[in-house]
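Undergrad: Got a predicted structure here, sequence first:
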Amino acid sequence: MTFRPELSRRDLLLSSAGLGAAAVLGSCKSGGAARGPLYDISLAEWSLHRELQSKRMTNLDFPRVARAEFGIGAIEYVNSFFKAFARDEEYLKNLMGRCDEHGVKSLLIMVDGEGELAHADDAERRKAVENHHKWIDCAAFLGCHSIRVNAGGGGDEGEKMKRAADSLVKLAEYGAKSKINVIVENHGGSSSKGDWLAGVMKLANNPRVGTLPDFGNFHLGDGQWYDRYKGVAELMPFAKAVSAKSHEFNEAGDEVRTDYRRMMKLVVDAGYRGYVGIEYEGDAHSEFDGVRKTKALLEKVRSELSA
């Protein structure tokens with residue numbers, strides 16, 4: 001089947017089911033959280049990476065599991081779990097149908113393994129940019145608002161910042177055709193320094209380039225950590241998504257590494273009102289229990305901050 005990236009989810013539904021399909025567009029189409037709650041809660045697919053890697057579930061099961069197991073109606077994909085299907089229209093239609101069946105929105109695709117966007121070699125960097133195009137097309141087809149990318153690369157941090165910004169702008173220009181944002185997570189290397197990644201955002205200076213602040217990804221190597229609260233505060237002015245990283249919970253239901261009340265106050269005080277994505281990454285609890293505990297904590301903190 002020929003993949004047509006210019007055919008959006010909305011176009012597909014309207015053309016395949018007539019104007020009446022407009023009534024169901026909201027079930028998988030992404031966007032900001034509905035007005036009402038201080039923030040809404042989504043689920044990052046990496047929370048279930050052991051289930052997926054062991055083949056106990058597949059990417060096609062993700063919408064059902066999010067809704068049936070956790071009562072969550074918005075999801076964030078990881079490209080490695082359907083890497084062979086980025087341009088497979090039949091597969092993507094199947095995935096969209098399952099989203100519709102379970103009333104789940106597709107928010108974004110986390111993209112890994114497609115090259116370094118801040119690579120020192122011009123040819124390698126161009127190749128990396130081109131490699132991401134298919135995921136922008138895929139995100140548009142599924143009705144997502146963004147792809148999450150990495151700002152990896154070696155060399156001098158100042159030069160790397162310029163190269164990363166240049167690549168992000170190129171991707172944003174490509175994504176603008178289908179209204180897809182390009183957002184960067186603090187995800188190792190220089191990107192785990194909040195001030196460095198904020199500097200990339202300022203250099204890029206593009207409305208479709210933003211951040212995905214992750215509560216936990218501030219490890220700098222050799223046992224050194226960037227202050228996570230400082231880092232999130234630095235990244236929030238550019239945030240188009242937020243990742244609530246969790247590893248372990250105490251008997252009171254609090255995450256042991258991150259003060260969620262302090263962190264979510266930073267998020268809310270920055271004016272962010274979008275989805276906050278659960279990303280459980282620990283092994284102290286089962287993946288299903290870890291997701292449930294993270295959701296319960298986010299709901300509890302939301303109630304406290306809303307009071």
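TA: Sure, I can see it.
Undergrad: CA only for contacts and neighbour counts going forward, please
TA: Noted.
Undergrad: Below-threshold pLDDT in the stretch 51-200 of the chain: ranges please.
TA: For the stretch 51-200 of the chain, applying pLDDT under 70 flags no range at all.
Undergrad: okay, residue 3: pLDDT?
TA: As predicted, residue 3 sits at a pLDDT of 47.
Undergrad: just the helices in the stretch 201-307 of the chain please.
TA: 228-235, 260-269, 287-306 (DSSP state H, counting those that start in this stretch).
Undergrad: How about residues contacting the longest one?
TA: Identification of contacts with helix 287-306 by C-alpha atoms under 8 Å, 6 or more residues apart in numbering yields 38-39, 41, 47-48, 50-51, 69-70, 246-249, 253-255, 260-261, 264-265, 278-282.
Undergrad: which residue sits closest to residue 265, ignoring its sequence neighbours?
TA: Leaving aside its sequence neighbours, residue 265 sits nearest to residue 305 (C-alpha to C-alpha, 6 or more residues apart in numbering; 7.3 Å).
Undergrad: Over to residue 165?
TA: That would be residue 204: by C-alpha to C-alpha, 6+ apart, it lies 4.7 Å from residue 165.
Undergrad: returning to what we had before: let me have the helices of the stretch 201-307 of the chain in a markdown table, adding mean pLDDT as columns.
TA: As requested, these are exported to a markdown table (pLDDT from 0 to 100):
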| stretch | mean pLDDT |
| --- | --- |
| helix 228-235 | 98 |
| helix 260-269 | 98 |
| helix 287-306 | 98 |
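Undergrad: Residue 90: which of those helices is closest?
TA: Of all those, helix 287-306 sits nearest to residue 90, with 29.4 Å by C-alpha to C-alpha.
Undergrad: got the angle for the closest one vs helix 260-269?
TA: Calculated by axes from the mean of the first three to the mean of the last three C-alpha atoms, to 10 degrees, helix 287-306 forms an angle of 60 degrees with helix 260-269.
Undergrad: What residues of helix 287-306 count as buried?
TA: Neighbour counts using 16 or more other C-alpha atoms under 10 Å place 287, 290, 291, 292, 293, 294, 295, 297, 298, 299, 301, 302 of helix 287-306 among the buried residues.
Undergrad: Stretch 80-92 too?
TA: The neighbour-count criterion (16+ other C-alpha under 10 Å) identifies 80, 81, 86, 87, 89, 91, 92 as the buried residues of stretch 80-92.
Undergrad: Please tell me I have it right and the third one contacts residue 136.
TA: Which is residue 86. No - contact criterion C-alpha atoms under 8 Å: residue 86 and residue 136 do not qualify, at 9.4 Å.
Undergrad: Strands of the protein, start to end?
TA: Here the chain has its strands, by DSSP state E, at 40-44, 74-78, 105-110, 146-149, 181-185, 209-212, 219-221, 224-225, 242-246, 275-280.
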